[in-house]
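Novice: Mind folding the following:
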Amino acid sequence: MSAATVLFDAPGPRGRRRIALASAAAVLVIVAVIVLVVVQFGRHGQLAGDRWSPFVHTGYLRFLAGGVRGTLIATGVGALLSFPLGVLAALGRLSHNRLVSRLATAYVEVFRSLPLLLLIYAFLLALPRYGLNLPVFWKLVVPLVMVNVAVLAEVVRAGVNAVDRGQSEAGWSIGLTYGQTMRHVVLPQALRIVIPALITGLVSLLKDTTLGYVVSYPELMKTATNLTAFTHLLIQTYLIITVLYVLVNVLLSQLAHHLERRMRTAPRGGGQAAEQLEHETHAATTTAVR
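Specialist: Numbering: from 1, shown residues only. Next comes the predicted model:
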């Protein structure tokens with residue numbers, strides 16, 4: 001079952017016709033806008049070969065590849081830190097320890113509300129005055145992680161709450177502690193539910209790396225700015241990096257669809273664990289009755 005079928009009712013014949021007409025109209029409008037833009041570019045000489053020829057030279061391509069590499073490194077490190085910390089923050093909010101729950105809740109509420117750009121400026125301008133002057137890479141990645149941990153914590157918490165309560169009760173009934181039940185029964189099923197949302201968060205994280213220009217980190221957007229200053233080919237440069245961003249995000253979206261398909265077709269490990277727990281519980285109850 002996909003997220004769309006959970007959130008929305010399946011449209012009927014009339015609804016499907018409306019959707020098809022609206023989609024066709026939207027495609028026609030987009031095509032018309034693209035044609036208009038291309039015509040205007042041609043009138044102003046932006047399609048001339050000499051304005052695009054520099055981008056087939058090895059030096060330019062290597063420079064852009066460096067920007068792509070910087071973007072992917074920042075995204076990868078941010079994801080590797082954000083995802084496990086987000087799970088820990090979600091478990092903190094769900095903890096029965098009141099102090100831990102309140103601290104995790106305060107963190108999530110504060111950093112989910114703060115603009116990412118504000119945090120980046122804090123690490124760039126404010127904190128160095130108090131002796132905390134991180135390398136350029138971490139001035140971008142640390143704020144990214146701080147904000148994304150808060151967002152991912154809410155995603156994971158929603159996934160945990162979506163798991164049927166009977167799964168937890170099955171674990172408790174055979175003597176598992178709250179932590180053991182969460183780790184072995186509930187959390188695997190919750191992560192299975194929210195994998196598409198986590199991939200969406202990864203796409204958002206990649207787009208957030210464009211703020212690296214603030215700290216002069218050489219990600220793709222900063223690389224394009226430097227290249228524009230050298231070549232004075234603003235439109236061509238930004239069109240090319242737009243295509244690069246779209247290609248990377250399309251690959252991530254395809255990964256999300258692939259994982260979602262595997263979720264629908266693969267055997268449900270968490271469900272099997274819960275069923276085993278229920279069988280053991282039933283057997284224990286039967287033995288006690290006898």
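
Novice: quick one, helices of the stretch 101-250 of the chain?
Specialist: Here the stretch 101-250 of the chain has its helices, by DSSP state H, counting those that start in this stretch, at 116-121, 136-162, 165-173, 178-181, 187-208, 220-231, 234-265.

Novice: Using CSV, please lay out those helices together with mean neighbour count and mean pLDDT.
Specialist: From N, CA and C alone the C-beta is placed, and that goes for glycine too. What follows is the helices of the stretch 101-250 of the chain, written out as CSV (neighbours: other Cβ atoms under 10 Å; pLDDT from 0 to 100):
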stretch, mean neighbour count, mean pLDDT
helix 116-121, 16, 92
helix 136-162, 21, 91
helix 165-173, 17, 75
helix 178-181, 14, 73
helix 187-208, 19, 83
helix 220-231, 18, 85
helix 234-265, 14, 80
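
Novice: can you put those in a markdown table and add distance to residue 50?
Specialist: Output for the helices of the stretch 101-250 of the chain, formatted as a markdown table (distance: least, Cβ to Cβ, whole Å):
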| stretch | distance to residue 50 |
| --- | --- |
| helix 116-121 | 37 |
| helix 136-162 | 35 |
| helix 165-173 | 65 |
| helix 178-181 | 66 |
| helix 187-208 | 32 |
| helix 220-231 | 11 |
| helix 234-265 | 11 |
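
Novice: Among the ones you listed, which comes closest to residue 10?
Specialist: helix 234-265 (16.0 Å; Cβ to Cβ).

Novice: Please state the offset of that closest one from the chain centre?
Specialist: Centroid separation between helix 234-265 and its chain, computed with Cα atoms, centre = their mean, to the nearest Å, is 12 Å.

Novice: With respect to residue 106, which of the helices of the stretch 101-250 of the chain lies nearest?
Specialist: Among the helices of the stretch 101-250 of the chain, helix 136-162 sits nearest to residue 106 (Cβ to Cβ), with 10.4 Å.

Novice: For the closest one, enumerate the helices and strands it packs against.
Specialist: With contacts defined as 3 or more Cβ pairs under 8 Å, 6 or more residues apart in numbering; DSSP states H and E, the packing partners of helix 136-162 are helix 58-94, helix 98-113, helix 116-121, helix 187-208.

Novice: Make JSON lines from those and add distance to residue 15 to it.
Specialist: Below are these laid out as JSON lines (distance: least, Cβ to Cβ, whole Å):
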{"stretch": "helix 58-94", "distance to residue 15": "36"}
{"stretch": "helix 98-113", "distance to residue 15": "35"}
{"stretch": "helix 116-121", "distance to residue 15": "38"}
{"stretch": "helix 187-208", "distance to residue 15": "24"}
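
Novice: Quick check, residue 203 in contact with residue 250.
Specialist: No: contact criterion Cβ atoms under 8 Å: residue 203 and residue 250 do not qualify, at 9.8 Å.
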